[in-house]
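Asker: 3D model of this:
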Amino acid sequence: MCRRPVERRAIDKVSSRVMKGTIDFGRKSLPIDIYSKDPEKRISFTHMPEGDSVTAFNGHEGWLGTPGRPLREMHGSDLDGASIDADLHLAMHLKTMFSELRVRGTEQVGEHEAYIVVGQREGKPPIRLYFGRAIRIAGAAGTVRRDRAGMAAGRRSITRIIAIRME
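Answerer: Numbering: from 1, shown residues only. As a prediction, the model looks like this:
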């Protein structure tokens, strides 16, 4: 997705990222801290009133922890999503990651209008990627949700929000 050599070099230089913000669950907005380090390591802390929810991925394995429950290993789509979230150079890997990429219009993401691109991988549910119009490379955050297409097929669709400059 990055056509300019200068953009590729800038992305290649990224070796870690810290993101702080909020994540929305229905009508609740909770603070979140995300720490990523190359290659493919990521941990996030969602700060909830009853304690922190933790998601961790080390490049091969992942774990989920919620207040009042024991830590559990990730499997299936949780592990797949964690691996995508942990890719600091995702913008460079999109064409090789997906067998098909299709633009599906635009949608409002927060205060920004974003292009929706649906990526398909062999034997996996589709992934929605949201590309902002005027935002420089800003990282990735994601949620898993069921949408009409995913529910009709009986599969989960993974939604990923990525801010990247498109021209």
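Asker: ok, the spatially closest residue to Ser16 that is not a sequence neighbour - how many residues close by?
Answerer: The shortest distance from Ser16 to any non-neighbouring residue, by C-beta to C-beta, 6 or more residues apart in numbering, is to Lys37 (4.7 Å). For the C-beta atoms, the positions are set from N, CA and C on the backbone; glycine is no exception. The tally of other residues near Lys37 (other C-beta atoms under 10 Å) stands at 15.
Asker: please apply the same query to the one 10 residues further on.
Answerer: Using other C-beta under 10 Å, His47 has 13 other residues around it.
Asker: who does it form a beta bridge with?
Answerer: When assigned by DSSP bridges, His47 has beta-bridge partners Asp52.
Asker: does it touch Pro31 like I think?
Answerer: Yes. With contact defined as C-beta atoms under 8 Å, His47 and Pro31 form a contacting pair (4.5 Å).
Asker: my guess is the residue nearest to Ser16 meets Val18, correct?
Answerer: No. Using C-beta under 8 Å, Lys37 makes no contact with Val18, being 9.8 Å away.
Asker: circling back to that earlier point, so who does the residue nearest to Ser16 touch?
Answerer: 15-16, 88 (C-beta atoms under 8 Å, 6 or more residues apart in numbering).
Asker: with Ser36 instead?
Answerer: The contact partners of Ser36, by C-beta under 8 Å, 6+ apart, come to 16-19, 42, 86, 88, 139.
Asker: just grab the bridge partners of the residue nearest to Ser16 for me.
Answerer: Going by DSSP bridges, Lys37 forms beta bridges with Ser16, Lys41.
Asker: tell me the pLDDT at it?
Answerer: Lys37 carries a pLDDT value of 94.
Asker: for Ser15, same thing?
Answerer: We have a pLDDT of 89 for Ser15.
Asker: all numbers from here: first residue = 373
Answerer: Understood, numbering begins at 373; the last thing we discussed is Ser387.
Asker: ok, it touching Asp410?
Answerer: Yes. Counting by C-beta under 8 Å, Ser387 touches Asp410, with 4.7 Å between them.
Asker: okay, these two: which has more neighbours?
Answerer: Using other C-beta under 10 Å, the more surrounded residue of Ser387 and Asp410 is Asp410, with 15 against 11.
Asker: residues contacting the more buried one?
Answerer: Contacts for Asp410 were tallied using C-beta under 8 Å, 6+ apart; they are 386-388, 460-461.
Asker: circling back to that earlier point, drop anything exposed from the contacts of Ser408.
Answerer: Among the contacts of Ser408, those classed as buried by 16 or more other C-beta atoms under 10 Å are 389, 414, 458, 460, 511.
Asker: distance to Glu472 added to the residues you listed, as a markdown table?
Answerer: Formatted as a markdown table, these follow (distance: C-beta to C-beta, whole Å):
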| residue | distance to Glu472 |
| --- | --- |
| Arg389 | 28 |
| Arg414 | 26 |
| Ala458 | 23 |
| Leu460 | 24 |
| Gly511 | 25 |
